[in-house]
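>>> here is my input; please provide its structure:
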Amino acid sequence: MTFELQHTDPNSNARAGEITTDHGKIQTPIFMPVGTVASVKAVHFKELKEDIKAQIILGNTYHLFLRPGIEILEQAGGLHKFNGWDRPILTDSGGYQVFSLSANRKLKEEGATFRSHIDGSKHLFTPERTVDIQRSIGADIIMAFDECTPGDADYNYAKKSMELTHRWLDRGTKHFDATEPKYGYSQTFFPIVQGCVYPDLRRQSAEFIASQNREGNAIGGLAVGEPAEKMYEMIEVVNEILPHDKPRYLMGVGTPQNLLEGIERGVDMFDCVMPTRNGRNAMLFTSQGIMNMKNEKWKNDFSPVDEFGTSYVDHAYTKAYLRHLFISKEYLALQIASIHNLAFYLWLMGEARSHIQLGDFASWKAEMMYRLGRRL
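Presented below is the predicted three-dimensional model:
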């Protein structure tokens, strides 16, 4: 994997670049739709490519390990062959899922023991094992195994957790470098900065991660309960240290406003389940603000969903029709809303990139922040 930094905004730390993988190029800043179990919920890959214009999607190591299982994925020739997606794929390491299953897992130096949410079976994830699993999945970008601390963790816990993550990273890095891809194309390995909401821990972690000299770096442990302003502060602290010539991936974030704030602070890559999850619950993101499609006010509104945006949904379906589908509990509502929200997120990334190239990102972002936060 290579990264070319192409433009920087003169009035902020926003950047535009291009990542090149064996499965294609990725123009940054980029939002990556989440395909947890080998699919992006309610969305066909044809729509992902043609309407949403996704350049890369995510797979989830924990979920794919449990179902369909690594043996099936290896027999298929990897996730690209299994699900038919021929563009880049990034896999998380399962660290967040282990964090979220706190009642069913136990952390120790060796790794994390957990019970499957499907059948209760017991499993062990180690830094080495998660590398092997992601090798077998066939991701273009593989994440290091880490512990994701909650946003309200006390200092001592956060410090111990960060140090454990660093020791796990040493092991994961050595194992990655000692193993080879399975399917004839290259794979790359991203370490993850931790440290909760404590600036000195974040600096220490960012310095350690930067010293690994990998092709890209990730920022984890944010958007997990801490205030938004604290998240932005931590991004600034970390990005002062992470290399400028490597892509920076902010994991699990977030709202459209979060994305623009992250871009302004030098983040290149984002992912979040919010556009599809909120879409399935009738919340649409648009260029003019947020809409609840079950509201009575849309009952006889025959205007496009977002007449000022660029999603194909905008002019194919009206607000009244989409509201009707949601009220009638039609599955098509979930599909249209998911496609619309993802298309909007990718449109927003494209607009941000254009304004970085034009040199007026900061002023454009200020106007967009006002519009994005409105409830329509």
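
>>> can you give me phi and psi for residue 190?
The phi and psi values for residue 190, taken as degrees, to the nearest 10, are phi -100, psi 120.

>>> renumber starting at 286 from here on
Sounds good: first residue 286 from here, last item residue 475.

>>> for it, give the beta-bridge partners.
For residue 475, the beta-bridge partners under DSSP bridges are residue 428.

>>> what's near enough to touch it?
By Cβ atoms under 8 Å, 6 or more residues apart in numbering, the contact set of residue 475 is 426-429, 499-503, 534. Placement of C-beta: from N, CA and C, glycine included.

>>> out of these, which is most surrounded?
Among those, the one with the most neighbours (other Cβ atoms under 10 Å) is residue 429, at 30 neighbours.

>>> thought that residue was touching residue 477?
Yes - the pair residue 429 / residue 477 is scored as a contact, 5.5 Å apart, by Cβ atoms under 8 Å.

>>> A strand includes residue 311, no?
Yes - assessed by DSSP: H, G, I helix; E, B strand; the rest coil, residue 311 belongs to a strand.

>>> now it, nearest residue through space, not along the chain?
Using Cβ to Cβ, 6 or more residues apart in numbering and skipping residues adjacent in sequence, the residue nearest residue 311 is residue 304, 4.2 Å away.

>>> what of residue 457?
Closest to residue 457 by Cβ to Cβ, 6+ apart is residue 412, at 3.7 Å.

>>> so what's residue 600 scoring on pLDDT?
Note for residue 600: predicted pLDDT of 61.

>>> how's the protein carved up into domains?
The chain is divided into the following domains under automatic domain parsing: 287-556, 564-657.

>>> and these, which one is worst for confidence?
Among these, domain 564-657 scores lowest, at a mean of 92.

>>> and that domain, how far apart are its ends?
End-to-end span of domain 564-657 (Cα to Cα, to the nearest Å): 16 Å.

>>> and stretch 385-401, by the same measure?
OK, stretch 385-401 end separation, Cα to Cα: 12 Å.

>>> what's in contact with it?
By Cβ under 8 Å, 6+ apart, the residues outside stretch 385-401 that reach it are 351, 380, 383, 402, 406-412, 414, 430, 432, 449, 452-453.

>>> buried ones among the residues you listed?
Buried by 16 or more other Cβ atoms under 10 Å: 351, 380, 383, 408, 410-412, 414, 430, 432, 449, 453, out of the contacts of stretch 385-401.

>>> any chance of those residues in a markdown table, plus secondary structure and distance to residue 577?
Formatted as a markdown table, the buried ones among the contacts of stretch 385-401 follow (DSSP: H, G, I helix; E, B strand; the rest coil; distance: Cβ to Cβ, whole Å):
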| residue | secondary structure | distance to residue 577 |
| --- | --- | --- |
| 351 | helix | 34 |
| 380 | helix | 33 |
| 383 | helix | 34 |
| 408 | strand | 40 |
| 410 | strand | 39 |
| 411 | coil | 44 |
| 412 | helix | 43 |
| 414 | helix | 43 |
| 430 | coil | 39 |
| 432 | coil | 36 |
| 449 | helix | 42 |
| 453 | helix | 42 |
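
>>> determine which two of these are furthest apart.
Using Cβ to Cβ, the buried ones among the contacts of stretch 385-401 span at most 23.6 Å, a distance reached by 351 and 449.

>>> and the residue of the chain most remote from its centre, what are its phi and psi?
The outermost residue of the chain relative to its centre, with distances by Cα atoms, centre = their mean, is residue 585 at 36.1 Å. When quoted as degrees, to the nearest 10, the phi and psi of residue 585 stand at phi -120, psi 30.

>>> can you pull the contacts of the nearest residue to it once chain neighbours are set aside?
If the residues on either side of it in the chain are set aside, residue 585 comes closest to residue 605, at 5.7 Å by Cβ to Cβ, 6+ apart. Neighbouring residues of residue 605 by Cβ under 8 Å, 6+ apart: 583-587.

>>> hmm, try it at 6 Å
Taking Cβ atoms under 6 Å, 6 or more residues apart in numbering, we find residue 605 in contact with 585-587.
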